[in-house]
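Novice: I need the structure of the sequence given here:
(chains A and B)
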There are 2 protein chains.
Amino acid sequence: MQNTMARRSTTEDDITADVLRRIDATPDPRLRAIMRALVGHLHSFVKDVQLTEAEWFAAIEFLTETGHTCTDRRQEFILLSDTLGVSMVVDLINHRKPGGATESTVFGPFHREGAPEMPAGGNIAPRDGRGTPAIVSGRVLDPAGRPIAGALLDVWQADSSGRYDSQYADSDDLHLRGRFHTDAAGRYLVRTIRPVHYTIPDDGPVGRMLRATGRHAWRPAHIHFVVSADGYEPVTTHIFDDSDPYLDSDTVFAVKESLVCSFVRHDAKDAAAAAFAIEPPFDTVEFDFVLTPRG
Amino acid sequence: MQNTMARRSTTEDDITADVLRRIDATPDPRLRAIMRALVGHLHSFVKDVQLTEAEWFAAIEFLTETGHTCTDRRQEFILLSDTLGVSMVVDLINHRKPGGATESTVFGPFHREGAPEMPAGGNIAPRDGRGTPAIVSGRVLDPAGRPIAGALLDVWQADSSGRYDSQYADSDDLHLRGRFHTDAAGRYLVRTIRPVHYTIPDDGPVGRMLRATGRHAWRPAHIHFVVSADGYEPVTTHIFDDSDPYLDSDTVFAVKESLVCSFVRHDAKDAAAAAFAIEPPFDTVEFDFVLTPRG
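Specialist: As a prediction, the model looks like this:
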């Protein structure tokens, strides 16, 4: 067989076109478009920085270690996506919300299925003896401000040590997680502890990347919510504590101003203490979620 | 604390600049440049295709599975890099060889350390009872055509079933691997079997990607070499069989015309049979490697 094919003498100028030709047969047009963009950007990245073979191999090792760090309890690739701002780009292009609707933010790597259903006022932190008790309450509303009854709030957060339940290797228990429904007036009520800022898990490859790039690993204090209701678009979001020193340098770039709330300290047996049947000191914070009807 | 920071209202238009600002503190200037390009291309990719959250999560799952598929015996991220043409881009920009020097190609995921040192004519395929015996010979030369004595050739290939030794889960044995040195005339001589085309391991995520993009998983028949000598740049390369039907569609884009060789069949007790002390039928192929002096 004689050589008659130009592609046997591929150069750095035409290799990308060769690869794109090879994936032209992708049956699904959406996948074809994604693969074309992926190959184009990957090749451009390598050419732009003139990646060396040693750097390429370091990247292979980094990705392999990131994969090996992923377990049922830890999702290092989501952490990587979060810390490179990729997750927030995905969030921003997918949730161009009409004004007034609650803004979304990153899902993060710590959600777990199967959080217990709880009545209004249920305590998701019964075994955290150190945190400041906190009452989180508010309403779930439609864009006209009408209450949505029976909306579901899936809530999760880190404990007073800044760790999620899944970060304790010695326990499978669910803790600081719960699912709540709104009442007929659209109200919800969660008892928990005031969240604290914490570092993302930084003993793996993502932590090494942060240190190598001169970055800290802190996230400002927040509580996670996924709020959903029949006929409405669900929203994945956080509420943030407005007094947190890391609000302007969240290592996963997830802060949006509309999600920043004030926690109020109660040191005396005031009306709130009576209403919530709770001993001071405790904190309260209110936040109303606004869902948009399904398109 | 009041909101005075623009970054708390990040949009898809300024998130990339935010992330780039955050990595500006990277102490190592080379790492800073690589990270800047990486973040820029990653964000542009997501925006160019308007990646959905479901697609983002599919990517997280794909990368996680790719990592979990990597073991001591299998390197799925190298396969992914190879099949997306990234490895060849890295090869092409790092080995702009002067004319006449042997061209490089992909390293691939199947090299193993510790191949046995063998004398000239040593058989690397003693336990392959099915392949056509083959004699691979030639010289290692400098650019002026002068022999390089004592050059090291690290040789590996797949067996007659198209599998490398490491793909047999029931064995740790090294097979079809050897290290040879050139003699005073720069000559080397390897006894092996004629290589066959084979599919890359396609029972994992990379195989799924190939099928989803309408591609086959075949590599044309080849033998791997890393050739090195004191004072010269080592070369990582293959030689390819010019009769192979997959020469123009190698799934890892590694074929270069200068590496394509003719295997010659010997069916009778000819001079070659006598010279190599081998019973027909067998094949011979000759290839001279040319190394460039270290710069």
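Novice: next helix or strand past the worst-scoring helix or strand of chain A on mean pLDDT?
Specialist: None of the helices or strands of chain A scores lower by mean pLDDT, DSSP states H and E than helix A:271-276, at a mean of 92. Sequence-wise, the next helix or strand downstream of helix A:271-276 (DSSP states H and E) is strand A:282-286.
Novice: returning to what we had before: for the least confident helix or strand of chain A, C-alpha coordinates in PDB please.
Specialist: C-alpha atoms of helix A:271-276 as PDB (Å, rounded to 0.1, in the frame of the first residue of the first chain):
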ATOM      1  CA  ALA A 271     -40.900  37.200  71.800                       C
ATOM      2  CA  ALA A 272     -38.900  35.000  69.300                       C
ATOM      3  CA  ALA A 273     -37.800  32.800  72.100                       C
ATOM      4  CA  ALA A 274     -41.400  32.300  73.100                       C
ATOM      5  CA  ALA A 275     -42.600  31.900  69.500                       C
ATOM      6  CA  PHE A 276     -40.000  29.200  68.800                       C
END
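Novice: neighbouring contacts of it?
Specialist: With contact meaning CB atoms under 8 Å, 6 or more residues apart in numbering or on different chains, helix A:271-276 is reached by A:121, A:135, A:189, A:191, A:266, A:278-280, A:282, A:284. (Glycine included, C-beta is placed from N, CA and C.)
Novice: list the buried residues for it?
Specialist: A:272-273, A:276 (16 or more other CB atoms under 10 Å in any protein chain shown).
Novice: now do stretch A:223-233
Specialist: Going by neighbour count (16+ other CB under 10 Å), the buried part of stretch A:223-233 is A:223-229, A:232-233.
Novice: again with stretch A:176-196
Specialist: Residues of stretch A:176-196 classed as buried: A:176-183, A:186, A:188-196 (neighbour count, 16+ other CB under 10 Å).
Novice: before we move on, the earlier item: which of the buried residues of helix A:271-276 sits closest to chain B?
Specialist: Using CB to the nearest CB, residue A:272 comes nearest to chain B of the buried residues of helix A:271-276, at 22.3 Å.
Novice: what about the residue of chain A at minimum distance from chain B, which SS state?
Specialist: Residue nearest to chain B within chain A: residue A:67 (0.9 Å; CB to the nearest CB). Look at residue A:67: counting by DSSP: H, G, I helix; E, B strand; the rest coil, its state is helix.
Novice: who's in contact with it?
Specialist: Residues in contact with residue A:67 (CB under 8 Å, 6+ apart) are A:76-77, B:63-64, B:66-68, B:70, B:77.
Novice: 10 Å - rerun?
Specialist: Residues counted as contacts of residue A:67 (CB atoms under 10 Å, 6 or more residues apart in numbering or on different chains) are A:76-77, A:205, B:63-70, B:76-77.
Novice: give me the pLDDT for it.
Specialist: Residue A:67 carries a pLDDT score of 98 in this model.
Novice: pretty sure residue A:85 contacts residue B:35?
Specialist: No: look at residue A:85 against residue B:35 with CB atoms under 10 Å: they stay out of range, at 11.3 Å.
Novice: shared neighbours of those two, anything?
Specialist: B:19-20, B:22-23.
Novice: just read off the phi/psi values of residue A:155.
Specialist: phi -120, psi 140 (degrees, to the nearest 10).
Novice: for it, list each beta-bridge partner.
Specialist: Beta-bridge partners for residue A:155, by DSSP bridges, are residue A:178, residue A:225.
Novice: remind me which residues of the stretch 151-295 of chain A are low pLDDT?
Specialist: Nowhere does the stretch 151-295 of chain A drop to pLDDT under 70.
Novice: and the host helix or strand of residue A:56 with helix B:53-69, angle?
Specialist: Take DSSP H and E as the rule and residue A:56 turns out to sit in helix A:53-69. Using axes from the mean of the first three to the mean of the last three CA atoms, to 10 degrees, one finds that helix A:53-69 and helix B:53-69 are set 100 degrees apart in direction.
Novice: please enumerate the helices of the stretch 101-250 of chain A.
Specialist: Assigned by DSSP state H, counting those that start in this stretch, the helices in the stretch 101-250 of chain A fall at A:205-212.
Novice: and it, which residues reach chain B?
Specialist: A:103-104, A:107, A:109, A:209-216, A:236, A:240-245, A:247-250 (CB under 10 Å from any CB of the partner chain).
Novice: narrow those residues to those in strands?
Specialist: When DSSP state E is applied, those are split such that A:236, A:240-241 fall in strands.
Novice: chain neighbours aside, what residue packs nearest to residue A:173?
Specialist: Closest residue in space to residue A:173, ignoring its immediate chain neighbours: residue A:165 at 6.2 Å, by CB to CB, 6 or more residues apart in numbering or on different chains.
Novice: and the one you found, what is it in contact with?
Specialist: By CB under 10 Å, 6+ apart, the residues touching residue A:165 are A:73, A:110, A:112, A:115, A:127, A:156, A:158-159, A:171-177.
Novice: who wins for neighbours among the residues you listed?
Specialist: For those, the largest number of neighbours (other CB atoms under 10 Å in any protein chain shown) sits with residue A:176, at 27 neighbours.
Novice: contact partners for that residue?
Specialist: Contacts for residue A:176 (CB under 10 Å, 6+ apart) come out as A:110, A:115, A:123-128, A:131, A:155-160, A:163-165, A:192-193, A:195, A:223-224.
Novice: next one: residue A:208
Specialist: Contacts of residue A:208 by CB under 10 Å, 6+ apart are A:62, A:65, A:202.
Novice: distance to residue A:53 and neighbour count added to those residues, as TSV?
Specialist: Formatted as TSV, the contacts of residue A:208 follow (distance: CB to CB, whole Å; neighbours: other CB atoms under 10 Å in any protein chain shown):
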residue	distance to residue A:53	neighbour count
A:62	15	16
A:65	19	16
A:202	29	18
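Novice: circling back to that earlier point, got the buried residues for the helix holding residue A:56?
Specialist: By neighbour count on 16+ other CB under 10 Å, the buried set for helix A:53-69 is A:53, A:55-56, A:59-60, A:62-69.
Novice: and the angle for the helix or strand just after that helix with helix A:53-69?
Specialist: Sequence order places helix A:76-83 as the next helix or strand after helix A:53-69, per DSSP H and E. Comparing the axes of helix A:76-83 and helix A:53-69 via the same axes, to 10 degrees yields an angle of 120 degrees.
Novice: now the strands for the stretch 1-150 of chain A?
Specialist: Per DSSP state E, counting those that start in this stretch, the stretch 1-150 of chain A carries strands over the ranges A:133-141.
Novice: what about it, any weak spots by pLDDT?
Specialist: Within the stretch 1-150 of chain A, the segments meeting pLDDT under 70 span A:1-9.
Novice: filter the residues of the stretch 101-250 of chain A next to chain B down to the buried ones, ChimeraX style.
Specialist: In ChimeraX, a selection of the buried entries from those looks like this (16+ other CB under 10 Å):
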select /A:103,104,107,109,209,210,213,215,236,240,241,242,244,247,249,250
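Novice: for chain A, longest helix please?
Specialist: In chain A, taking DSSP state H as the definition, the longest helix is helix A:29-49.
Novice: what packs against that one?
Specialist: In terms of contacts (3 or more CB pairs under 10 Å, 6 or more residues apart in numbering or on different chains; DSSP states H and E), helix A:29-49 is packed against helix A:15-22, helix A:53-69, helix B:29-49, helix B:53-69, helix B:86-94, helix B:205-212.
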